[in-house]
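Q: Sequence plus predicted model, see below.
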Amino acid sequence: MAFIERTILNTIKNRFEKERIIILVGSRQVGKTFIAKKIFTGTHITQKIFLNCEDPRQLANFENIDTFIKYLDFNSIDILKPAFIVIDEFQYIKNATKLLKIIYDLYENIKILVTGSSSIEIQKHMKESLTGRKKIYTVYNLSFDEFINFEDKSKKYSNISLENSTPQNINSINSIFLYKYLYYGGYPRITAELSTDEEKKEELNEIYASYLQKDIKSLISGENIIAYNNLLKCIASQIGNLININELSNTTRLSRKQVEHYLSILQETFIIKMLPPLYTNKRKEISRMPKLFFSDQGLANFILNDFSEISSRNNIGNIIENFVFNEIKNSIRAADRIYFWRTLQGSEIDFIIQTGKGLIPIEVKWKMFKTDVTSRVAMSIPRSFSSFFELHKNITAAIVVTINYTGKRTVENKEVFFVPAVLIAKFVRSLLMHP
């Protein structure tokens, strides 16, 4: 497989200087095993072993701590000396986190990297058994930065920033890279290995089928897989919208309790993200339904069987909003949070980043800005910003996401930045680094 530079790779390498157990979770085919292998081959620890738990023959070696130690000894691993162990797809091991806890407590020279396609049971056991003993990282699909850094061999576009961008080169990025990224999504193998449309669709089919057969089958009784699949199709058409449980229940003929349970599973397995609203004034701000986003647009396209031209779709605004959400999600720090905002009077802001220093409202405006009689762009400030500024005073900056326009205005003593969608991740990272 062609090498795609993953941002998280160096983060994990550096973290191993302090941590003894690191857990990588995420949906299937996002690159967890690839990252684990890169760290495995690059470690300076001479005693090392890579174990794949999708191989049923390996599982007998994990029955208990004694069988595991014997297996390591058989492979010439002295547990009293520094050793590095990778356990790939550890969700197949019964009592996996209990085993990791014992290793952590008894063998201080061992460092372990484990990967797993997340499930509710794994998340529960990690919290209960490994508190204070591990660091968990979620591996997502390729971010747009990772995608364009791989696709743009000339580096003509991948190094463009807010400071050196023009409407013309942003338009080029949109047409050459963004729409391609949104068409088949950010699964690494689709980007790095497959070239034809048919191959990419087949891979999305394989990812989807594997998800239903391996991750979901153990969580949902067989007769409900069809209903679960129908719910997935229903919500894939509602990206960026508020989740109405009653409406979903009526459409899918599932009970409200089942819909809530299935949505929880979809979120725990990283297929969707339900974004909660920000509210501090219950009399003025809505505090109920979350908004729904998909982790990968290509998978959503496959579920809907819609591979029509992205730029001409009726829901292009929702698709871009979904893109912006994932870019923000990949860019914020561990302590930061994302919300959306809506009032009882109908004012709404797509995203609010909550940091330790304050709030950053972000509104997506996927449309061309009008020009005035002098051909200058009229920088339109969303009306909802005024409502938000009135209710919230701890605002560090505000952002309007655009198609290709960059700029800045000061409104009510607040700096409002106009940022093209393809640069939103870079800008958010710089803003958080230098608020």
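A: Okay, I see it.
Q: helices and strands around the top helix by length along the chain, which ones?
A: Using DSSP state H to define each element, the chain has its longest helix at helix 316-331. Applying 3 or more Cβ pairs under 8 Å, 6 or more residues apart in numbering; DSSP states H and E, one finds that helix 316-331 contacts strand 272-275, strand 291-294, helix 297-304, strand 337-342, strand 348-354, strand 359-364, helix 424-433. Heads up, the C-betas are built off the backbone N, CA and C, glycines and all.
Q: Would you tell me which of the ones you listed gets closest to residue 186?
A: Smallest distance to residue 186 across these (Cβ to Cβ): 7.2 Å, for helix 297-304.
Q: what does that closest one rub up against?
A: 181-187, 190, 200-201, 204-205, 207-208, 232-233, 236-237, 239, 271, 294, 307, 319, 322-323 (Cβ atoms under 8 Å, 6 or more residues apart in numbering).
Q: hey, what's residue 361 bridged with?
A: For residue 361, the beta-bridge partners are residue 352 (DSSP bridges).
Q: Surely it touches residue 395?
A: Yes - assessed by Cβ atoms under 8 Å, residue 361 is found in contact with residue 395 at 6.9 Å.
Q: so what sits against both of these two?
A: Joint contacts of residue 361 and residue 395 (Cβ under 8 Å, 6+ apart) are residue 388.
Q: The two: which is more packed in?
A: Using other Cβ atoms under 10 Å as the criterion, residue 361 and residue 395 rank with residue 361 on top: 27 against 19.
Q: Have a look at the chain and report the helix or strand with the lowest mean pLDDT.
A: Lowest on mean pLDDT, DSSP states H and E among the helices and strands of the chain sits helix 120-129, with a mean of 61.
Q: which parts of the helix or strand just after that one are buried?
A: Using DSSP states H and E, the helix or strand that follows helix 120-129 in sequence is strand 135-138. Residues of strand 135-138 classed as buried by neighbour count (16 or more other Cβ atoms under 10 Å): 137-138.
Q: Next, report how far the following helix or strand past strand 135-138 is displaced from the centre of its chain.
A: Sequence-wise, the next helix or strand downstream of strand 135-138 (DSSP H and E) is helix 144-151. A distance of 15 Å separates the centroid of the chain from that of helix 144-151, by Cα atoms, centre = their mean, to the nearest Å.
Q: Check which helices and strands the helix or strand that helix 144-151 is followed by sits against.
A: Next helix or strand after helix 144-151 toward the C-terminus (DSSP H and E): helix 167-173. Of the remaining helices and strands, none touches helix 167-173 by 3+ Cβ pairs under 8 Å, 6+ apart.
Q: Grab the nearest non-local neighbour of residue 137.
A: Among residues not flanking residue 137 along the chain, residue 24 sits closest, at 5.5 Å (Cβ to Cβ, 6 or more residues apart in numbering).
Q: For that neighbour, which residues are in contact?
A: With the criterion set at Cβ under 8 Å, 6+ apart, residue 24 makes contact with 12, 32, 35-36, 113-116, 136-139.
Q: Point out the least confident one among the residues you listed.
A: Lowest pLDDT within the contacts of residue 24 is found at residue 116 (86).
Q: correct me, but that residue touches residue 91?
A: Yes - counting by Cβ under 8 Å, residue 116 touches residue 91, with 4.3 Å between them.
Q: mind checking how far residue 151 is from residue 186?
A: Distance of residue 151 to residue 186, given as Cβ to Cβ, to the nearest Å: 11 Å.
Q: Nothing else from me, thank you.
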